[in-house]
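[1] Provide a 3D model corresponding to the input given below.
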Amino acid sequence: MADPKAPTMQATLGLTGLTANAMALIAPGAFLWLTFYIQATTGVAGQPSTAPAMWIGIFAALLLCLATAVAYAEISKLYPGTGSSYYYAEQAMLSKDKAFKYARISKFIVGWGSHLYYWVYPGVMVAVTGIFVGYVVGFLYPSFLSGSNPGPVFTSLVAVVFSFFVAWIATRGAGASTAVNIAVNIVQISALIVFSVLCLGYRASHPTGAPAFQYDGQTMATYTYQFATAKDGSIIRNAAGVPQPLLGKDGKPVPFTISYPTTDSSGNFLTHPDAASVVGVHRFSWMFIQATVAILILVGFESVTSMGGEAKNPTKHIPIAVIASLLIQGLFCYLFEYFCANYFLNSGYTMQSAASSAAPIGDMMIIVGDALLGQGHGKYFMLAEALTVFLALIGTTLSCMNTGARVTYAMGKDEEVPEHFGMLHTKSLTPRRAIWTLAGISAVIGVVAASLAFGDAGAPSDAAIAALPHGIFSSFGYPSHATLAALPNSLLAITLTSNFGTFILYGLSCLLCIIAYSERHDKKIVVHYLIPGFGLLANLTCMAFYLAGPFFNLGTKMEPLTALGIAAAWGLYGVFYFLRSSKAKGKTVLLESNPAFNRQSI
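    Sure thing, here's the model as predicted:
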């Protein structure tokens, strides 16, 4: 049994602190850099890319999240406390005269399902951090590592170190975490606006036919001339790897002039010819596919609902923080930045260029930086922006670890998972055991995600693989293009696993909102039924797409089926663990009587 004299969480967070924690998890400054590659490569190798629908996919995911956010905001008004949806599930059932017997099994299903999101998501973050650091190190030391295709061993080591570093910050307490998150939000949003405006300026100042920069992913630099190519289409390079210019009849390099072609001769998507194309649907199947990935960048608004025990005025501030964080980061930051990045694409840097780079946004920053500061100086702009991305990565991983650890803590207090998870450290008042456990899990998942991050549609060409620096940190883990193309993209598979857990959690939370208000006199049809109902339907549709998509040849097959397999295994183990634990502890699956419950007046 839990010690009644054990330390408890202290109410130290106001509206600003709560909103900052949620905003840090959504982190547009980090996710634009980190997930643009995933979104650009979402599809099947050799088939049309779903990338043209990137922006509208984010918009569709945003609508789903807004409906879910309303459900979270409304239910948090009734049941402020630590544990988020896990806590809500129990309270919603206990508030009913007949459904109370399902309280224990309901909260376990929600809590167990939420761990598929909260325990996997940090692993995705540490993996992409490894790739991000690999890009920067490869840029600074190209003879050691390729920035466009950093080695899996190197990225995995970074993922492990970063996981435990962030966990160490999380053990310092909510006050330290909030201070970090507030600073991160200010920096990343400011940097984001600067980059987005520069992208718009570059497109506006470079109409078709204007002289511009052509980017080379191997040297990670821009050039003002057209590249000379061999008969097989590969770029001709000198001994240092620098692309050689195409020479005109006068023997001089042919200047590179910009254009905005939609596709190449093989039908591969290249650029958006106009702004309408950026926000267009293109194909509804592509929109759904992109939405199932885009959910990763929008989740986090619900994280503050797990901090009810640390909020000064939870019933007032938590609902505001949930909605405000999503509107600021999702509706404004994400839609703006993704529009600008997609609108920027041109013949000098196409979507195909983005699909073959570990950090397409870093490449774009070099280009616009060269345009702003002079050729060869864009790298300083990219490095400055990269620092803000790293800070945002700390913030988003920290926020998710805090949330996941607190859900595990709540289940530990209820003895639904090992009881030691329900203990707080006496000084920092944080669930340290849950945090360090999550750090270890994140490290393992991060290594798995980074191992084949360039598989399937993101497989580099044989020429790119041959050009990698030789060594265990750089070239180990890169077989031939054909081999990589035949293997699942591990980063996308783990991302989809986390997202599937998100859809489970968000769908159940929408259902809980409907149940919680079903017998109350203050219920509102639109807010408590229609909006959560839409959220429930949207989440179920996205979950169904994981299964239907591969069989109807809608997008990639290996990654969503892998995610479904992991989710199924987690669910089956949950059933086994719940039944075994119930028997060992003498607990009944269904409650026989309603525990003392102090209802609000209905």
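[2] Tell me where the stretch 51-200 of the chain is predicted with low confidence.
    Along the stretch 51-200 of the chain, segments meeting pLDDT under 70 span 81-83, 173-181.
[3] so residue 433 sits right up against residue 419, yeah?
    No - counting by Cβ atoms under 8 Å, residue 433 does not reach residue 419; the two are 10.2 Å apart. Heads up, the C-betas are built off the backbone N, CA and C, glycines and all.
[4] The two - which one has more neighbours?
    Per other Cβ atoms under 10 Å, whichever of residue 433 and residue 419 has more neighbours is residue 433, with 20 against 15.
[5] pLDDT at the more buried one, what is it?
    You'll see residue 433 listed with a pLDDT of 88.
[6] how about the strands of the stretch 151-300 of the chain, start to end?
    214-216, 221-223 (DSSP state E, counting those that start in this stretch).
[7] Reformat the ones you listed as TSV; add mean neighbour count.
    Compiled in TSV, the strands of the stretch 151-300 of the chain are given as follows (neighbours: other Cβ atoms under 10 Å):
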stretch	mean neighbour count
strand 214-216	22
strand 221-223	21
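[8] Would you convert these into a markdown table that also reports distance to residue 197?
    Below are the strands of the stretch 151-300 of the chain laid out as a markdown table (distance: least, Cβ to Cβ, whole Å):
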| stretch | distance to residue 197 |
| --- | --- |
| strand 214-216 | 20 |
| strand 221-223 | 19 |
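[9] how close does the residue of the chain most remote from its centre get to residue 238?
    Relative to the average C-alpha location in the chain, and by Cα atoms, centre = their mean, no residue lies farther out than residue 250, which sits at 50.8 Å. According to Cβ to Cβ, to the nearest Å, residue 250 stands 21 Å off from residue 238.
[10] What score does the residue nearest to residue 245 when sequence neighbours are not counted have for pLDDT?
    Nearest non-adjacent residue to residue 245, counting by Cβ to Cβ, 6 or more residues apart in numbering: residue 253, 3.4 Å away. Per-residue confidence for residue 253 comes out at a pLDDT of 94.
[11] what mean pLDDT would you report for the host helix or strand of residue 544?
    Using DSSP states H and E, residue 544 sits in helix 531-551. The pLDDT scores in helix 531-551 average 86.
[12] Check stretch 357-374 too.
    The pLDDT scores in stretch 357-374 average 93.
[13] Pull that stretch out as CSV, backbone CA atoms only.
    The C-alpha trace of stretch 357-374 is given here as CSV (Å, rounded to 0.1, in the frame of the first residue of the first chain):
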residue,chain,number,x,y,z
SER,A,357,18.4,14.8,-46.9
ALA,A,358,18.5,14.2,-43.1
ALA,A,359,17.5,17.8,-42.6
PRO,A,360,15.7,19.5,-45.5
ILE,A,361,15.0,22.6,-43.4
GLY,A,362,18.7,23.0,-42.6
ASP,A,363,19.4,22.9,-46.4
MET,A,364,16.8,25.5,-47.0
MET,A,365,18.3,27.7,-44.3
ILE,A,366,21.7,27.5,-46.0
ILE,A,367,20.1,28.7,-49.3
VAL,A,368,18.1,31.6,-47.9
GLY,A,369,21.1,32.4,-45.6
ASP,A,370,23.3,32.7,-48.7
ALA,A,371,20.7,34.9,-50.4
LEU,A,372,20.6,37.1,-47.3
LEU,A,373,24.3,37.2,-46.2
GLY,A,374,26.1,36.3,-49.4
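[14] Can you report how many residues neighbour the nearest residue to residue 513 once chain neighbours are set aside?
    Ranked by Cβ to Cβ, 6+ apart and with sequence neighbours excluded, the top spatial neighbour of residue 513 is residue 71, at 3.8 Å. Counted with other Cβ under 10 Å, residues neighbouring residue 71 total 33.
[15] Wait, residue 71 touches residue 531, no?
    Yes - assessed by Cβ under 8 Å, residue 71 is found in contact with residue 531 at 7.1 Å.
[16] Pretty sure residue 389 sits in a strand.
    No - read with DSSP: H, G, I helix; E, B strand; the rest coil, residue 389 is helix and lies in no strand.
[17] Mind pulling the model confidence for it?
    86.
[18] For it, which non-adjacent residue is closest in space?
    residue 33 (4.8 Å).
[19] Relative to residue 97, how far out is the residue nearest the centre of the chain?
    Closest residue to the average C-alpha location of the chain: residue 296 at 3.5 Å, with Cα atoms, centre = their mean. Look at residue 296 and residue 97: by Cβ to Cβ, they are 40 Å apart.
[20] separation between residue 161 and residue 439?
    Using Cβ to Cβ, we find residue 161 at a distance of 11 Å from residue 439.
[21] So those two - more neighbours on which side?
    residue 439 (23 against 15).
[22] you'd agree that one is in a helix?
    Yes - judged by three-state DSSP, residue 439 forms part of a helix.
[23] In this structure it contacts residue 166, no?
    Yes - in terms of Cβ under 8 Å, residue 439 counts as a neighbour of residue 166; the distance is 7.4 Å.
[24] joint contacts of those two?
    residue 401 (Cβ atoms under 8 Å, 6 or more residues apart in numbering).
[25] Show me where the stretch 251-400 of the chain has its helices.
    Counting by DSSP state H, counting those that start in this stretch, the stretch 251-400 of the chain has helices at residues 275-279, 284-298, 314-326, 335-344, 351-355, 360-373, 378-413.
[26] pLDDT averaged over the first one - what is it?
    What helix 275-279 shows for mean pLDDT is 96.
[27] Identify the residues contacting it?
    For helix 275-279, using Cβ under 8 Å, 6+ apart, the contacting residues are 52, 55, 56, 59, 262, 272, 339, 342, 343.
[28] repeat for the fifth one
    Taking Cβ under 8 Å, 6+ apart as the criterion, the residues outside helix 351-355 that touch it are 36-37, 40-41, 49, 51-52, 215, 217, 264, 268-271, 345, 360, 363, 457-458.
[29] ok, now with 6 Å
    Identification of contacts with helix 351-355 by Cβ atoms under 6 Å, 6 or more residues apart in numbering yields 40, 41, 51, 268, 269, 270, 345, 360.
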